[in-house]
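Novice: predicted model, plus sequence, below.
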Amino acid sequence: KIIQFILLLYLARYIGPESFTILATSLVIAQLIGLISIPGGRQGLTTSLTRALAQKNQLLCKSILLNSIYLCIFLNALIIASYALVNHFFSASLNEYILVTLITLFITLRTSITRGYGFIFTSIFFSEVMAPLFLLFIFIFCAYKNIVLPVPLIWLIVYGIFEVCVILISSKPILKTLNHVSSNLSFPIKAFKETFSIQVANIFLTIITRIDMVILSSVAGPLVAAPYALAQRFVQPITMLGRVLSNSTSPMLAKAHAGGNKKNINYIISLSFIFVLLGSISIISFLYLMYDFIISYLSKDYSLDQTTIFYLIGSQLCLVINAPFAQYLLMTKKANQVIFSNIAACITFLTIIFFNLYQLSALTMAKYSFVATLCMAVLSIYFSLRAL
């Protein structure tokens, strides 16, 4: 994440506010499409494949793998074709960044599959570390030599090369599954059914945390959205707390619930609060120290406002605090309560935006995001405490 943050910070200066906003919007669009087009979402597909492999059920594994790929390609093609209907919201240059969207969609599907086959480090290392690092070196070198490069094309090529590396490394078990002799490859409804609720909950959560950038860029324009895009990247390190909590507490909560150990559940959630408190203090202190440096590094066109950052930090903290409670509900078969919380927060968010559509700015959008995430956190914590 640190490498990615440095890359995006450098690109913010290298390509300017308007192009940077379009790049950030392309990445958001890819996340939204990927969440919708992958059955069960990234986590759901990974879980389904892992379970099928653990049961040594190659037929089910092949069925999940092929149907997921077919469904993802179909839905992506449908969504990208429909993109022409909303293209007038953006400048024509966004068409160039479709390349960024496409490679990001491919990475999302690929990581879902390779993680399911146990290639966790390989799956993440090349796309999260090596590709951003190479991009950073390339753009710094070209800027030093006064060479102008098309960012979307270079982005596609670099990520594409590393995706080939990952596929070559992890292809053996996947090819074994695809070569499995089978006569019936019906759609694996049972395998996808249990992850559908998690996917629905994540879709509404992603709408709250990602679609704000798309709306602001569409209504107010890329130059107005540029400070917001940069502020989002600035506070992104806080999201690492939420990811750690989600990944670490899920198996523990599921195990404790299965064993009827209520004491352990309370202990896990209490420990998560301590983790959030200490982690938040450390990260926010780091961001505070970095603020003056980033302001001096970037052009004045970004106008990175401290109040906007403050509200976005509050929004991220709400998400982090909510993480263990939401995971508890999801892992103990109470996903409907998470869906209700996320839908209520999403409706609140979109309603506020609708009534203030023509007064949108980076600051107002940050406020609306904070209100929505606070609403979601309060509801999830309430349902969790009732269940406990």
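Specialist: Noted; the coordinates are in hand.
Novice: I figured Val100 hits Leu153, correct?
Specialist: No. Between Val100 and Leu153 there is no contact under C-beta atoms under 8 Å: 9.6 Å. (C-beta placed from N, C-alpha, C; glycine too.)
Novice: the two - which one has more neighbours?
Specialist: More neighbours surround Val100 than the other of Val100 and Leu153, with 24 against 12 (other C-beta atoms under 10 Å).
Novice: report how many residues lie close to the residue nearest to that one when sequence neighbours are not counted.
Specialist: Excluding its sequence neighbours, the residue lying closest to Val100 (C-beta to C-beta, 6 or more residues apart in numbering) is Ser26, at 4.4 Å. By the measure other C-beta under 10 Å, the count of residues near Ser26 is 23.
Novice: show the average pLDDT along whichever strand or helix holds Ser26.
Specialist: In this structure, Ser26 sits in helix 2-37 according to DSSP states H and E. For helix 2-37, mean pLDDT is 81.
Novice: what do you get for stretch 285-300?
Specialist: On average, stretch 285-300 scores 74.
Novice: please save the CA atoms from that stretch in CSV.
Specialist: Provided in CSV are the C-alpha atoms of stretch 285-300 (Å, rounded to 0.1, in the frame of the first residue of the first chain):
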residue,chain,number,x,y,z
SER,A,285,0.0,10.7,13.5
PHE,A,286,1.9,9.6,10.4
LEU,A,287,-0.6,11.3,8.1
TYR,A,288,-0.4,14.5,10.2
LEU,A,289,3.4,14.6,9.8
MET,A,290,3.2,13.9,6.1
TYR,A,291,0.6,16.6,5.3
ASP,A,292,2.9,19.6,4.9
PHE,A,293,5.3,17.6,2.8
ILE,A,294,2.6,16.5,0.4
ILE,A,295,1.1,20.0,0.1
SER,A,296,4.5,21.4,-0.8
TYR,A,297,5.1,18.5,-3.3
LEU,A,298,1.9,18.9,-5.3
SER,A,299,0.7,21.8,-7.4
LYS,A,300,-1.8,24.4,-5.9
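Novice: so who does the spatially closest residue to Ala220 that is not a sequence neighbour touch?
Specialist: The shortest distance from Ala220 to any non-neighbouring residue, by C-beta to C-beta, 6+ apart, is to Leu360 (5.1 Å). Applying C-beta atoms under 8 Å, 6 or more residues apart in numbering, we find Leu360 in contact with Ile215, Leu216, Val219, Ala220, Val224, Ile353.
Novice: what about the stretch 101-250 of the chain, any weak spots by pLDDT?
Specialist: 182-195, 242-250 (pLDDT under 70).
Novice: and the helices in the stretch 151-300 of the chain?
Specialist: Counting by DSSP state H, counting those that start in this stretch, one finds helices in the stretch 151-300 of the chain at the ranges 151-178, 189-220, 222-235, 239-258, 262-297.
Novice: just the ones you listed: most buried one?
Specialist: Mean neighbours per residue, mean count of other C-beta atoms under 10 Å, is largest over those for helix 222-235, with a mean of 24.
Novice: stretch 355-372: how far from the chain's middle?
Specialist: Computed by C-alpha atoms, centre = their mean, to the nearest Å, the separation of stretch 355-372 from the middle of its chain amounts to 21 Å.
Novice: and what of stretch 98-118?
Specialist: Distance of stretch 98-118 from its chain centroid, counting by C-alpha atoms, centre = their mean, is 12 Å.
Novice: and what of stretch 29-41?
Specialist: With C-alpha atoms, centre = their mean as the basis, stretch 29-41 stands 10 Å off its chain's centre.
Novice: residues in contact with that stretch?
Specialist: By C-beta under 8 Å, 6+ apart, stretch 29-41 touches 42, 44-45, 47-48, 67-68, 71-72, 75-76, 79-80, 100-102, 104-105, 108-109, 112, 192, 195-196, 198-199, 202-203, 206-207, 210-211, 214.
Novice: and Asp305, how far from Phe234?
Specialist: 11 Å (C-beta to C-beta, to the nearest Å).
Novice: can you list residues touching both of these two?
Specialist: Taking C-beta under 8 Å, 6+ apart as the contact criterion, Asp305 and Phe234 have no common neighbours.
Novice: of the helices of the stretch 151-300 of the chain, which is nearest Leu59?
Specialist: Closest to Leu59 of these, according to C-beta to C-beta: helix 151-178, at 9.4 Å.
Novice: which helices and strands sit right next to that closest one?
Specialist: helix 2-37, helix 58-82, helix 98-116, helix 120-125, helix 131-144 (3 or more C-beta pairs under 8 Å, 6 or more residues apart in numbering; DSSP states H and E).
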